[in-house]
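1. Coordinates only, no sequence provided:
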């Protein structure tokens, strides 16, 4: 009886210990499980971290892209504006654009840089010299006024006499001075179309003029039969006070002009040009010279 009781008590004690250990394991498992449930799982954390990282990266990238784009746009715009402004300011349409759209017109006038002050440009100066250059004779077929040849075997032998008419520039030929009083300005043998390059000048001492007529008489020289008339020419020019230069050094020639002929128009031609400039009173003489 005593031994049997001891054995039962031992078995009961062992069962109690076993049950206690089982209970401890269950409680520990419950605690761990509860803790894991309360804490976000690894996958959730990864998703949030990934989402946050993606958003930060996206926002950062967008901001950097936006700033970079803005800077590029700003720099590009500034450069384009600067280049455009520089080009417009420089007037590179070759400057060709300045004279054409309201720029100074002095370069198109005869006087150039030696023109008088604008306050006196409309007034005729007290002492002025007007020059006309007889440039060349053009007679390619070698004929005279009646259409016949100058010579059977050779070219023409032209002689030119001339004067500047400022007294009656619009009057009929020969104007205010008879032909026989005109000085010889040029002659040459055996040339149909010679270069002449002779200048006539007249001074205006007080008063003013608005037109000048270079009258030129051309003949074919012939020592045997006498001179034959080749042509009469009138080279009419306007005299504008704005075109009168300060002196001869700054005076510019006007364009070459074809003179009006009395015979064989278009077949016998003469060309001339004109300029005008101020002179000292001591140099002024009221007569034409060759």
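-> Structure's in. What do you need? It should be emphasised that the depicted structure is a prediction, and the values quoted were computed from it without experimental measurement.
2. Identify the bridge partners of residue 136.
-> residue 195, residue 271 (DSSP bridges).
3. what number of residues lie near the nearest residue to residue 274 once chain neighbours are set aside?
-> Of all residues not flanking residue 274 in the chain, residue 237 sits nearest, at 4.3 Å (C-beta to C-beta, 6 or more residues apart in numbering). Just so you know, the C-beta spots here come from the backbone N, C-alpha and C atoms, and that holds for glycine as well. Residue 237 has 20 neighbours, counted by other C-beta atoms under 10 Å.
4. buried stuff in stretch 187-201?
-> Going by neighbour count (16 or more other C-beta atoms under 10 Å), the buried part of stretch 187-201 is 188, 192, 193, 194, 196, 198, 199, 200, 201.
5. tell me the average confidence for that stretch?
-> Averaging pLDDT along stretch 187-201 gives 97.
6. Sketch out the low-pLDDT regions of this protein for me.
-> Within the chain, the segments meeting pLDDT under 70 span 1-121, 287-290.
7. Show me the helices in it, by range?
-> 2-38, 42-90, 96-100 (DSSP state H).
8. Let's have the buried residues of stretch 187-201 in a markdown table, adding distance to residue 266.
-> Formatted as a markdown table, the buried residues of stretch 187-201 follow (distance: C-beta to C-beta, whole Å):
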| residue | distance to residue 266 |
| --- | --- |
| 188 | 22 |
| 192 | 15 |
| 193 | 14 |
| 194 | 19 |
| 196 | 19 |
| 198 | 23 |
| 199 | 26 |
| 200 | 25 |
| 201 | 29 |
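9. Looking at these, which one is closest to residue 271?
-> residue 196 (8.8 Å; C-beta to C-beta).
10. how much space is there between the closest one and residue 233?
-> Remark: distance between residue 196 and residue 233 (C-beta to C-beta, to the nearest Å) = 11 Å.
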